[in-house]
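> Using only what follows, build the 3D model:
(chains A and B)
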Amino acid sequence: MDPVGQIRMHKDQGRTIIACFPLYPPLALLHSMGLVPIVLWGLKGHVSRTEAADPHLPAYTCSVARHLAEFLLTDARELIDGIFMYNACDTLRNMPEILADEMRSPGRNVGFFRMHLPMTNRDKAGAAEYFENEIKALVRDLSRHFGVRFSPERFQASVSLYQRMQRLAIDAMDRVAAGILAFSDFERVMQAGAFLSVEDHIQAIAALPAFGEGRRVRRPPSEDSSIGVMISGILPPPASMIAAVESAGLRIVADDVASLYRSYAVMPDPRPDPGEYYRIFYDDHYPCPTLLYTGDRRISAFLSRFAQSSARGVIFFGEKFCEYEYFEFPFLKKKLAEKGIPVLEIDVSIDGGRHMAAHDSRIAAFAEMLRQ
Amino acid sequence: MASFQKTEAGRHLSMVVRDAYTRLHARAAEGAFVVWIAINVPAEIFAGFDNVVYGVPESHAAVNAAKGIGALQCEKAERIGYSMDLCSYARIDIGCVSDNFKDSPTFGLPKPHLLVSNTNNCSLLAKWFDVHHREMGIPHFIIDVPFCYAPQKTGDRDYIVAQFHELIRVIETMSGQRCDMEKVRQAVSLTDEGIGWWKRFLGFAEHRPSGITAFDSFVQMAPFLIARGTKQFVAHYRLLAEETARRVASGDFPVPGEQYRLFWDNIAPWHQLRDMSETLEEKGANIVGATYTSCIGGIEGSFDHFPYGGGDPLAHLARTQNAYVCPHGMALRTAAMADAVKRLNIDGIVFAGNRSCKPYSITQFGQQQKMAGVFGASSVMIDVDHADVRKYSRENTFTRLDALIENIDMKRRCG
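You can find the predicted model right below:
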């Protein structure tokens, strides 16, 4: 996947690009207003250095933020028409101001759009009304900046498209679990989706080998003796780690990854009112450590996802410096241990995937333990 | 070293802290409803109840760090799986709870009935309190404070007020007590009065040489964390301001040979206060002010006192929720810092990049550039951790501070 090439293609078609900070932006709303929303994660394979970002961010900033900054300050600098973010994390909430000055140039007017997602207990007075006003303000700001209009019909059509993508993604992951699609292929097409229009993303998922009738099905390398594992983290592991998992005789049969399952697991049916739709969207969202109000549902959702899979162990791929995840790992591990479920935790740093020797050994040892 | 001699206010501070923890334990033992709060949860609300007391894990963690046992407590949390990359306050607290406050200098905190965190300083407070929520089975109330890039919006303020009302309802239901808003109003008035004295105390930094050091102000923050809304709070800061006034009038300064006036940006390095203060004094340098202590009692973008006008106390508390540096953006941070740099005649700024506080630290490179570009201020970036001494390098820190002093000298030579 070439994110820059992909964005250029959108631009060549005369499309307006709005770059969204992770984690769960209101993509269907942006799409319905004629914009092409892209989500700035999964850049690890594309951005190899962070020379432009480093003067602006401390070294203990997570790779998601550093790569995002690098991408916006270099390759994507002249291609982005707007930036959207919400209060997904303490790092990201500070980023717009860090980037705005640097991205400013004569003749360019990159719009910054924000909304505040209430992180409080959901039944609390005022949260629903407050949030619906935030969505209204976002629609107003987008309309004013881009000269576009909101249409309830187009919005519902966009939601339907994203639901179609979601159903295909769930179907594809089921095929991964069944062993007829390699996780690496699935993950690649899902990560690519961050830079595709939803229409193209639907086509890309549908074109996966496991969906094509009469096509040769690509099977994972160790199909018969492989042991299922579930993976968790903000991002899927780098390709070299996926390869290490597979070559150790393990097979990823379920994921609890923010950029994968957590992103598409739950999508409400279309509604004409975007405020109401997104209130339900975020209220019912699959639990994530960054959605603070989902904390009470998080453990049970995680355990349920594991129980519904054929996984026999869990591998946490911790994104270095993502404290949201790291605050939860010990309790999750404790709950898994109570059920006798083996766990491996691997830290993935900004150069994750390049220094694999230690990770290889740990993954191999974990596989050996599962085999026993 | 003048600033570490026990002054009258210093002795009073020890008494305030001792009293606060003693009273907390005693009242909890007598059946008071106990709340653990994040530092910026408005404690004045609890004054509205007859028998609600509160403990502040962050403040307790800072006491541990200042007493030199921060790393010991951190290691306990690390042994049960908490990453060393997590905030050291959180690790100290989780470590303390893991062995029932065995090594705590304050005999720990009494077991809570309710946890109240907020998202204004950092959302991770909610994750940290969730650790206790899950392990202890104690309800957890999150106050959600929208981050602001410009002065707080009315809609945001109303949203925060609604949550304060909800918090009161939750405590009423859980504790069986009624909240008396008149008592809350009195508590807010007392805090406001005490803050007036606090600002007066900080104002002695304008004197040349400065009447205070930032290290004094770090230490003297404690009542703000554990005794807000009380007469003792007012009495303490009045004593502090008046004693400092007398010392300034009599020519008693903490750094009499002050040649370099510095300004600190970030949380205090609790484990290094004495060493840093003394070593800087030997160099003729005084950190005379800090964003960390100056923001108390203001609103976002200004260190000036934001007075309570006697209206709805919850509206006033909500209006000040974005004051504490982390809950607002770089433009506002820069505006407040620029004003302080000008007012205090600052020669150089020490940006203390803090591995345990990303929300405070992440904008510092940008701020450093702005302060240099717009105001021509000399500055340096050092690496600290507010409570984990293992992440601190004395040599690196003073090499950089020396470089800052050399830079100031060079600028002076060049006119």
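
> Chain A contacts on the stretch 251-400 of chain B?
When proximity is defined by Cβ under 8 Å from any Cβ of the partner chain, the stretch 251-400 of chain B lies next to chain A at B:326, B:329-331, B:353, B:355, B:358-359, B:361-366. Every residue, glycine included, has its C-beta placed from N, CA and C.

> cutoff 7 Å now
Within reach of chain A by Cβ under 7 Å from any Cβ of the partner chain, the stretch 251-400 of chain B has these residues: B:G329, B:M330, B:A331, B:G353, B:R355, B:K358, B:P359, B:S361, B:I362, B:T363, B:F365, B:G366.

> Show me the two of those that sit farthest apart.
Maximum pairwise distance in those, criterion Cβ to Cβ, is 24.7 Å, between B:A331 and B:R355.

> And the two? Which one has more around it.
A direct count of neighbours by other Cβ atoms under 10 Å in any protein chain shown for B:A331 and B:R355 places B:R355 higher, at 21 against 18.

> Just to check, that one is in contact with A:P58?
No - between B:R355 and A:P58 there is no contact under Cβ atoms under 7 Å: 8.1 Å.

> So what touches stretch B:34-45?
Stretch B:34-45 has contacts (Cβ atoms under 7 Å, 6 or more residues apart in numbering or on different chains) with B:28, B:46, B:52-59, B:109-118, B:120-121, B:125, B:143, B:164, B:167-168, B:184, B:187-188, B:191, B:225, B:228-229, B:313, B:317, B:321, B:324.

> Return the subset of the residues you listed lying in helices.
Among the contacts of stretch B:34-45, the members found in helices (DSSP state H) are B:28, B:57-59, B:125, B:164, B:167-168, B:184, B:187-188, B:191, B:225, B:313, B:317.

> residues contacting residue 200?
Chain wasn't specified; assuming chain A. By Cβ under 7 Å, 6+ apart, A:D200 has no neighbours at all.

> not quite, I wanted chain B
Per Cβ under 7 Å, 6+ apart, neighbours of B:R200: B:A241.

> Flag every buried residue along the helix or strand containing it.
Taking DSSP states H and E as the criterion, B:R200 maps to helix B:181-203. Neighbour counts over helix B:181-203 (16 or more other Cβ atoms under 10 Å in any protein chain shown) mark B:183-203 as buried.

> how near is A:Y277 to A:I17?
The gap separating A:Y277 from A:I17 is 23 Å, by Cβ to Cβ, to the nearest Å.

> Low-confidence regions, chain A specifically.
By pLDDT under 70, the weakly predicted segments of chain A are A:212-225, A:352-354.

> mind redoing it with 50?
Filtered on pLDDT under 50, chain A yields the residue ranges A:214-218, A:220-222.

> and the residue at minimal distance from the centre of it, helix, strand or coil?
Nearest to the geometric centre of chain A sits A:S259, at 1.8 Å (Cα atoms, centre = their mean). Here A:S259 is recorded as coil under DSSP: H, G, I helix; E, B strand; the rest coil.

> Contacts only, for the nearest residue to B:I143 once chain neighbours are set aside.
Among residues not flanking B:I143 along the chain, B:N118 sits closest, at 4.0 Å (Cβ to Cβ, 6 or more residues apart in numbering or on different chains). Contact partners of B:N118, counting by Cβ under 7 Å, 6+ apart, are B:A38, B:N40, B:V41, B:L125, B:I142, B:I143, B:V145.

> Try it again at 8 Å.
B:N118 is in contact with B:A38, B:N40, B:V41, B:L125, B:A126, B:I142, B:I143, B:D144, B:V145, B:Q321, counting by Cβ atoms under 8 Å, 6 or more residues apart in numbering or on different chains.

> Redo those as CSV? Include pLDDT.
Converted to CSV, those look like this (pLDDT from 0 to 100):
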residue, pLDDT
B:A38, 97
B:N40, 94
B:V41, 97
B:L125, 97
B:A126, 97
B:I142, 96
B:I143, 97
B:D144, 97
B:V145, 97
B:Q321, 97
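
> Can you name the residues bridging to A:I252?
Bridge pairing for A:I252 (DSSP bridges) gives the partners A:V229.

> tell me how far the ends of stretch A:21-39 are from each other?
With Cα to Cα, to the nearest Å as the measure, stretch A:21-39 spans 6 Å from end to end.

> what does stretch B:134-143 give?
Start-to-end span of stretch B:134-143 (Cα to Cα) is 18 Å.

> Pull the residues that contact it.
A:119-121, A:292-293, A:295, A:299, A:331, B:41, B:97, B:111-120, B:126, B:129-130, B:132-133, B:160, B:163-164, B:166-167, B:170, B:174.

> and what of stretch A:292-309?
In contact with stretch A:292-309 (Cβ under 8 Å, 6+ apart) are residues A:118-122, A:177, A:228, A:230, A:232, A:253-254, A:256, A:261, A:285-289, A:314, A:328, A:331-332, A:335-336, A:339, A:341, B:119, B:123, B:126-127, B:130, B:133-134, B:140, B:142, B:144.

> In chain A, where's the longest helix?
Using DSSP H to define each element, chain A has its longest helix at helix A:152-178.

> Quick check: which helices or strands does the next helix or strand after that helix pack against?
For helix A:152-178, the succeeding helix or strand toward the C-terminus, using DSSP H and E, is helix A:183-192. Applying 3 or more Cβ pairs under 8 Å, 6 or more residues apart in numbering or on different chains; DSSP states H and E, one finds that helix A:183-192 contacts helix A:152-178, helix A:198-206, helix A:239-247, strand A:250-257.

> can I see the domain layout of chain B?
Using automatic domain parsing, the domains assigned to chain B come out as B:2-180, B:183-413.

> How about the residues of the stretch 101-250 of chain B by chain A?
B:119, B:122-124, B:126-128, B:130-131, B:133-135, B:140-144, B:146-147, B:149, B:155-156, B:158-159, B:162-163, B:165-166.

> For the stretch 201-350 of chain A, what lies in contact range of chain B?
Residues of the stretch 201-350 of chain A lying near chain B (Cβ under 8 Å from any Cβ): A:289-290, A:292-293, A:295, A:299, A:318, A:320-321, A:323-324, A:326-331, A:333-334.

> run the last query once more with 6 Å
Contacts of the stretch 201-350 of chain A with chain B, taken as Cβ under 6 Å from any Cβ of the partner chain, map to A:L292, A:G295, A:F321, A:E323, A:Y324, A:Y326, A:F327, A:P330, A:F331.

> Near residue 87, how many other residues are there?
Let's take chain A. Neighbours of A:N87 (other Cβ under 10 Å): 20.

> meant chain B, my bad for not saying
B:C87 is flanked by 29 other residues according to other Cβ under 10 Å.

> What's the local residue count around the residue in the stretch 201-350 of chain B that chain A sits nearest to?
Chain A sits closest to B:M330 of the stretch 201-350 of chain B, with a gap of 4.3 Å, by Cβ to the nearest Cβ. Neighbour count for B:M330, taken as other Cβ under 10 Å: 21.

> Look up how far A:A207 lies from it.
From B:M330 to A:A207 the distance is 44 Å (Cβ to Cβ).

> next one: B:G108
Note on B:G108: its distance to A:A207, by Cβ to Cβ, is 60 Å.

> before we move on, what about A:V314?
Taking Cβ to Cβ, one finds A:V314 at 31 Å from A:A207.

> Using ChimeraX, define a selection of the buried residues within the residues of the stretch 101-250 of chain B next to chain A.
A single ChimeraX command selects the buried members of those (16+ other Cβ under 10 Å):
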select /B:119,122,123,124,126,127,128,130,131,133,134,140,141,142,143,144,146,147,149,155,156,159,162,163,166
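
> Looking at the residues of the stretch 101-250 of chain B next to chain A, which are in strands?
Using DSSP state E, B:H140, B:F141, B:I142, B:I143 are the members of these that sit in strands.

> List just the nearest of these to chain A.
B:I142 (5.1 Å).

> and the gap between the closest one and A:S63?
Distance from B:I142 to A:S63, by Cβ to Cβ: 27 Å.

> Give me the distance between the worst-scoring helix or strand of chain B on mean pLDDT and the centre of its chain.
Within chain B, confidence by mean pLDDT, DSSP states H and E is lowest for helix B:364-375 among all helices and strands, at a mean of 91. Offset of helix B:364-375 from its chain centre (Cα atoms, centre = their mean, to the nearest Å): 23 Å.
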